[in-house]
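**Q** following is a predicted model, sequence given first.
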Amino acid sequence: MEIPLDSAYSDYVVNIQGLLQWSILGNTVVNGHWVETEVLVRVCDEVGDKYRFGHHGAYKDNEWAGIGNHYTTFFREYDSRIGRWLSPDPAMAKYPGWSPYVFNFNNPILINDPLGDDPPSIKATLIYGQKNSRTFSSLMRINSITGDNYGHFISFGNTTETYNQTGKIKLVKGEDIKWQVVQLAHELTNRSNLKQVQALDKKVSEGKVTPKQYAKQLAQAEVAGQINQVKVAAEIEYRYQGKEYDALNNVINKYANGELTDKDLQKMIITNDEHLGTYESQGMVLRKEYVEKEAKVKQIRNNANKDVGKQKSEAPTPFDISLPGYTR
């Protein structure tokens, strides 16, 4: 603050909203009181936007290097002019092939890093979901997954899916912890329906239901996961990025505002034809594998029976070994 007067000492009132830097450029005395002329420069940006966050959700810090040139995160500082951090990555030991000053693995479109640290771990994802979403917390409890035993059930992989045979979950590692929570909510739902899905796999394998019937029934279990995705997204205030998700985000907003109930979601969310086709193909594969396996088992049994028959036919003719005074 700069006041070009000899004695500035009282009656100074400046109402500051948000983070501002300001200076008093001219002052006059009226009836014994100082009257100030204010020139306020907003730190947020030059057009008077009061929103304090900018690039990738980081905190704007225009006092450091000018408007739009510097951002402060929880772990370190970022210079947007050069696209580099000003201090090393706190998790640099995990990424020896990357410079510790690189921002978002040089891919700021795909990857988000609002804290300046490391992609969220599975444990961090579970803690965040459990703390901020009642639905997610319930799914953890149903699956008996805790912050201590999660390593037996959940790991990072190239795809996000739940294995029907083992119940283990693979999760694609993301940079947005909220997105990761929403994805994991779907897979936890699938895992909670594991017995139902396993029974369905057995039925289609044995030919008790057709692949088409299998697809429709499996789709119902999948819809439950999609419903929980919407509920969790609403509870943690996550919205999908991109125009193609406007309709989905509208549903999430309505659910968050209480305009939609769980029953409404069950009526609205259905599996698309592409998913039904995928599930039907999956059912056909299960049936084919079962038939082929049964054919092999039958062949092995037939071969075994033939061998037994051959051994009997080749057995020597029994002869009488009785001796006088010997009773069999």
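**A** Thanks, I have the structure now.
**Q** for residue 105, see how far away residue 149 is.
**A** Distance, residue 149 to residue 105, by CB to CB, to the nearest Å: 31 Å. In this view, the C-beta of every residue, glycine as well, is placed from N, C-alpha and C.
**Q** repeat that for residue 98.
**A** Per CB to CB, residue 98 is found 7 Å from residue 105.
**Q** likewise residue 301?
**A** Counting by CB to CB, the gap from residue 301 to residue 105 is 56 Å.
**Q** quick check: phi and psi at residue 157.
**A** phi -160, psi -170 (degrees, to the nearest 10).
**Q** bridge partners for it, pull those for me.
**A** residue 172 (DSSP bridges).
**Q** burial count for it?
**A** Residues contacting residue 157 under the criterion other CB atoms under 10 Å number 13.
**Q** residues near the nearest residue to residue 161 once chain neighbours are set aside, how many?
**A** The shortest distance from residue 161 to any non-neighbouring residue, by CB to CB, 6 or more residues apart in numbering, is to residue 170 (5.5 Å). Using other CB under 10 Å, residue 170 has 15 neighbouring residues.
**Q** check residue 120 too.
**A** When neighbours are counted by other CB under 10 Å, residue 120 comes out with 21.
**Q** that one belongs to a helix?
**A** No: applying DSSP: H, G, I helix; E, B strand; the rest coil, one finds residue 120 to be coil, outside a helix.
**Q** which ones are touching the residue nearest to it when sequence neighbours are not counted?
**A** Residue nearest to residue 120 in three dimensions, not counting chain neighbours: residue 177, with 4.0 Å by CB to CB, 6+ apart. Residue 177 sits next to 120, 124-125, 128 when contact means CB atoms under 8 Å, 6 or more residues apart in numbering.
**Q** same list (those residues) but as JSON lines, adding pLDDT.
**A** Converted to JSON lines, the contacts of residue 177 look like this (pLDDT from 0 to 100):
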{"residue": "120", "pLDDT": "75"}
{"residue": "124", "pLDDT": "85"}
{"residue": "125", "pLDDT": "91"}
{"residue": "128", "pLDDT": "89"}
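**Q** what's the distance between residue 194 and residue 162?
**A** Residue 194 is 7 Å from residue 162, by CB to CB.
**Q** so for residue 149 and residue 105, which sits in the more crowded spot?
**A** Between residue 149 and residue 105, counted using other CB under 10 Å, residue 105 has the larger neighbour count: 13 against 10.
**Q** can you give me phi and psi for that one?
**A** Dihedral angles for residue 105 - degrees, to the nearest 10 - are phi 50, psi 30.
**Q** contact partners for residue 135?
**A** Going by CB under 8 Å, 6+ apart, the list of residues near residue 135 reads 185, 228, 231-232, 235.
**Q** helices or strands up against the longest helix anywhere in the chain?
**A** Of all segments of type helix in the chain, defined using DSSP state H, the longest is helix 273-313. Applying 3 or more CB pairs under 8 Å, 6 or more residues apart in numbering; DSSP states H and E, one finds that helix 273-313 contacts helix 194-205, helix 211-236.
**Q** quick check, residue 209 in contact with residue 201.
**A** No: distance between residue 209 and residue 201: 10.3 Å, which falls outside the contact criterion (CB atoms under 8 Å).
**Q** just give me the neighbour total for residue 118.
**A** With other CB under 10 Å as criterion, residue 118 counts 16.
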